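> quick one, fold the following:
(one chain, ligands or ions: 1)
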Amino acid sequence: MRELSLRDEYIAQVVSGRSFTEVGGLWGVVNEKCSVASRNGAVSIKMVDILAEDDPHWVKFQNRMSSFGVQDYKCISADIGSPGFDCSVVKSDIVHCSGVLYHHPDPMLMLSKLREMTGEYLVLTSVISQERVENRKGTFQVPPSGVVFVPSLRDEERDVLKVYWQEDVGIDVARGIIDKVPYDLSKSGPWWWLPTENALRSMIEVAGFEIESSDLTWSGNALTSLLKIRDA
Ligand SMILES: C[S@@+](CC[C@H](N)C(=O)[O-])C[C@H]1O[C@@H](n2cnc3c(N)ncnc32)[C@H](O)[C@@H]1O
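Numbers count the residues shown, from 1 in each chain. Next up is the predicted model:
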């Protein structure tokens, strides 16, 4: 198991002399990878995020890029999953996307959009479900082929997973697991789907990628992968 710096290692391996697009790098800002791509020789850089143009995260991102002396990049406010979104506008040799897939009601659509905008390699990180979680609230089990649909969790299942994410992993942002939330197909805030590692690998392959390298990250709760496009 590796930690999240693996994303930077994968970008560094492939980005020199290539164009680079990041999808969904604004939240938290410090996790953006456009500056990593720049440091490692990307020839053009784009940040795409669903946040509106006037959202303060864009200014924070631009300030951060300035602090690294990076001036030449494009900012695009767009929902890559919206039906009218034209992937060719953001297509690059190398695409990075982390923390987005499980926030969308249709993760296979998101993977197909990422495939459309990737010229060579996608560096993807997404949260996975453990196959078995056991704690004082009980046991939660999913087969290796399983994908947890978070809105369907029963109270007793949510109780087990809430203890896992809050106490074992130590995060409070697993919306829909930590707390019951109203689900709305137009909202990407809550967590929607959590595939097991095995299921996520299969989803990636079905979407048209070969897994060139991958490892568990985030203490075993995410899969980070370097994905090469499979020829049609
Ligand atoms: C949980 S944050 C992940 C931030 C960072 N990449 C990381 O790994 O820490 C999800 C980011 O993706 C953006 N996002 C969510 N859905 C999106 C979509 N459909 N199209 C573009 N950006 C999206 C959000 O605005 C947010 O900045």
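> measure residue 147 to residue 31 for me?
25 Å (C-beta to C-beta, to the nearest Å). In short, each C-beta sits where N, CA and C put it, glycine included.
> ok, now residue 19?
Counting by C-beta to C-beta - residue 19 and residue 31 are separated by 21 Å.
> out of the two, which sits in the busier spot?
residue 19 (19 against 16; other C-beta atoms under 10 Å).
> surely the more buried one touches residue 42?
Yes: with contact defined as C-beta atoms under 8 Å, residue 19 counts as touching residue 42 (6.8 Å).
> quickly list what's touching both of those two.
Shared contacts of residue 19 and residue 42 (C-beta atoms under 8 Å, 6 or more residues apart in numbering): residue 94.
> please compute how far the helix or strand hosting residue 203 lies from its chain's middle.
For residue 203, the host element (DSSP states H and E) is helix 197-206. How far helix 197-206 lies from its chain's middle: 14 Å, per C-alpha atoms, centre = their mean, to the nearest Å.
> show me the contact partners of that helix.
107-108, 111, 124, 126, 128, 144-147, 195, 211, 214, 216, 223, 225, 227, 230.
> ok, and of those, which contact the ligand?
The subset of the contacts of helix 197-206 within reach of the ligand, by C-beta under 6 Å from any ligand atom, is empty.
> what does the pLDDT read for the residue nearest to residue 171 when sequence neighbours are not counted?
Among residues not flanking residue 171 along the chain, residue 165 sits closest, at 5.9 Å (C-beta to C-beta, 6 or more residues apart in numbering). You'll see residue 165 listed with a pLDDT of 96.
> before we move on, what about residue 232?
On the pLDDT scale, residue 232 gets 59.
> contacts only, for the nearest residue to residue 52 once chain neighbours are set aside.
Once flanking residues are discounted, residue 52 sits nearest to residue 77: 5.9 Å by C-beta to C-beta, 6+ apart. For residue 77, the contacting residues are 48-53, 55, 58, by C-beta under 8 Å, 6+ apart.
> what parts of the chain come near the ligand?
Near the ligand, when you scan the chain using C-beta under 6 Å from any ligand atom, you find 23-28, 31, 48-51, 79-81, 98-100, 103-104, 188.
> and those residues, which of them are in strands?
23, 48-49, 98 (DSSP state E).
> and of those residues, the nearest to the ligand?
residue 98 (3.5 Å; C-beta to the nearest ligand atom).
> contacting residues for that closest one?
7, 24-25, 31, 33, 123-126, 224.
> now residue 62
Contacts of residue 62 by C-beta under 8 Å, 6+ apart are residue 75.
> for it, what are phi and psi?
Backbone torsions of residue 62, given as degrees, to the nearest 10, read phi -60, psi -40.
> the helices in the chain, which residues?
Taking DSSP state H, the helices of the chain run over residues 6-14, 34-39, 56-67, 107-117, 155-163, 197-206.
> in space, what's closest to the residue of the chain positioned farthest from its centre - neighbours in sequence excluded?
Going by C-alpha atoms, centre = their mean, the residue of the chain most distant from its centre is residue 136, 30.3 Å out. In this structure, residue 136 finds its nearest non-sequential neighbour in residue 163, 6.8 Å apart by C-beta to C-beta, 6+ apart.
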